[in-house]
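Peer 1: sequence-free structure coming up:
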């Protein structure tokens, strides 16, 4: 999901796929021995396929550099051809910005930048930007180390480490960007630099939170943590009425405001219930400490919820926990990534203003009724982001370019087309926009009460 928004040159008008431009671009890339795929090539269709099948962009070319020097050459070639140059790591941008977000871009696909090395003396890991989270987890755990990051194994570390990097360990360790000690990047003029707190400090600040505004990151150097010796993954599932779901969300919010340990990470997932006026309500999370402490931590929350008949609790290694959260595998090399056709929005709620039950009621009513009749495959996630012991919010607001250091929840609204295949129906936009609208009213009602 490495989204590059910096512009190297104004794209020329007209067809960027013209024979003259295509031939010039092809010849100059080949002259520099840079591997690339062009429209009409056998590999081009799969290489230009977006994770979100709502989008079908046609890049002028997709390049596959092996190192920073080749990336520098590609950027300069793109500028000389008046092309916008964009980078792609895992390709999970929700709006396909890894393909440029429009036709005619020059894509820098980072898949061959896949090295990971851990310095045994300092425990600093150097991770190249073409790695998936699955590869990062595997390599680091082999060295007994770990990082805060998300759970989807196919997400690329390039984008993840550029704009935040949130996961269940983030309340304990912070965001991925909070671990970065150095960023190796290629700037828009082709210059290769290593930015740290001492060397290019302004760039170092900007590269942690808005990296794609400045260049293409080739690798990051991160401070790793010892992989926890014991991790417990838990999942509790209820089918709840509107009123019961509102009480459950209120209880989770009240629980989040208590002195829960930082090694607790969790979220509430809401989806279509078994009947109109109901939702399926899931409490999912990880406990990154000895298992015996989880029961007493969860007890105050579970006491506010109905008796549960369906639950999953498993204690094991850190690696095993990552595999469970990834639905059974973090091996991204043996099988290709899948696709989806979806529309998503997000919202962050402030710690200082808890959401009222009245506001929650209007929101849950909408998803319990409109969501039941909708043909879309949808979910809503209330991810626990802050709270008293959250390391994320202990970082100073001006420490990095990432601006969200005072939120309690980050909420994602997500709707897939039936069967996850295109086309995405127009009523899907209406449904999710209505869901998001209710949630924003929820927040405004809370802030103005």
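Peer 2: Thanks, I have the structure now. Predicted model only: the values in this text are computed from it and were never measured. Residues are numbered from 1 along each chain as shown.

Peer 1: got a list of what residue 274 touches?
Peer 2: 239, 280 (Cβ atoms under 8 Å, 6 or more residues apart in numbering). C-beta coordinates here come from the backbone N, C-alpha and C atoms, glycine included.

Peer 1: can you tell me the SS state at it?
Peer 2: Three-state assignment for residue 274 (DSSP: H, G, I helix; E, B strand; the rest coil): coil.

Peer 1: shift numbering so it begins at 734
Peer 2: Got it, first residue is 734 now, which makes that one residue 1007.

Peer 1: in stretch 1054-1061, what counts as buried?
Peer 2: By 16 or more other Cβ atoms under 10 Å, the buried positions in stretch 1054-1061 come out as 1054-1059.

Peer 1: also stretch 978-991?
Peer 2: Judged by neighbour count using 16+ other Cβ under 10 Å, the buried positions of stretch 978-991 are 978-986, 988-989.

Peer 1: now that stretch: average pLDDT?
Peer 2: In this model, stretch 978-991 carries a mean pLDDT of 97.

Peer 1: including secondary structure, could the buried residues of stretch 978-991 go into CSV?
Peer 2: Shown next, in CSV, are those (three-state DSSP):
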residue, secondary structure
978, helix
979, helix
980, helix
981, helix
982, helix
983, helix
984, helix
985, helix
986, helix
988, helix
989, helix
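
Peer 1: which of the residues you listed lies closest to residue 802?
Peer 2: Comparing those against residue 802 with Cβ to Cβ picks out residue 989 as the nearest, at 47.5 Å.

Peer 1: so what's that closest one closest to, chain neighbours aside?
Peer 2: residue 1120 (4.9 Å; Cβ to Cβ, 6 or more residues apart in numbering).

Peer 1: tally of neighbours for the one you found?
Peer 2: Each residue near residue 1120 was counted by other Cβ atoms under 10 Å, and the total is 21.

Peer 1: my guess is it meets residue 987, correct?
Peer 2: No: using Cβ atoms under 8 Å, residue 1120 is not in contact with residue 987; the gap is 11.0 Å.

Peer 1: assign a three-state SS to residue 810, would you?
Peer 2: Residue 810 falls in the helix class when you classify it by three-state DSSP.

Peer 1: next one: the nearest residue in space to it that is not next to it in sequence relative to residue 814, how far apart?
Peer 2: Distances taken as Cβ to Cβ, 6+ apart place residue 761 nearest to residue 810, at 5.4 Å, with adjacent residues excluded. With distances taken as Cβ to Cβ, to the nearest Å, residue 761 is found 8 Å from residue 814.

Peer 1: residue 982 now?
Peer 2: For residue 982 relative to residue 814 (Cβ to Cβ), the value is 52 Å.

Peer 1: what does residue 927 give?
Peer 2: Applying Cβ to Cβ, the value for residue 927 to residue 814 is 28 Å.

Peer 1: those two: which is more packed in?
Peer 2: Neighbour count, other Cβ under 10 Å: between residue 927 and residue 814, residue 814 has more, with 21 against 15.

Peer 1: any idea which helix or strand comes after the helix or strand bottoming out on mean pLDDT in the chain?
Peer 2: Within the chain, no helix or strand scores below helix 752-764, which has a mean of 79 by mean pLDDT, DSSP states H and E. Next helix or strand after helix 752-764 toward the C-terminus (DSSP states H and E): strand 769-770.

Peer 1: pull the residues that contact the following helix or strand past that next one.
Peer 2: Next helix or strand after strand 769-770 toward the C-terminus (DSSP H and E): helix 777-780. Residues outside helix 777-780 that contact it (Cβ under 8 Å, 6+ apart): 770-771, 795, 842.

Peer 1: can I get those in JSON lines with neighbour count, distance to residue 1011 and pLDDT?
Peer 2: Output for the contacts of helix 777-780, formatted as JSON lines (neighbours: other Cβ atoms under 10 Å; distance: Cβ to Cβ, whole Å; pLDDT from 0 to 100):
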{"residue": "770", "neighbour count": "20", "distance to residue 1011": "48", "pLDDT": "97"}
{"residue": "771", "neighbour count": "18", "distance to residue 1011": "52", "pLDDT": "97"}
{"residue": "795", "neighbour count": "22", "distance to residue 1011": "46", "pLDDT": "98"}
{"residue": "842", "neighbour count": "25", "distance to residue 1011": "44", "pLDDT": "98"}
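
Peer 1: residues contacting the most centrally placed residue in the chain?
Peer 2: For the chain, residue 893 is the residue whose C-alpha lies nearest the centre (Cα atoms, centre = their mean; 5.7 Å). By Cβ under 8 Å, 6+ apart, the contact set of residue 893 is 734, 822-823, 866, 882-883, 909.
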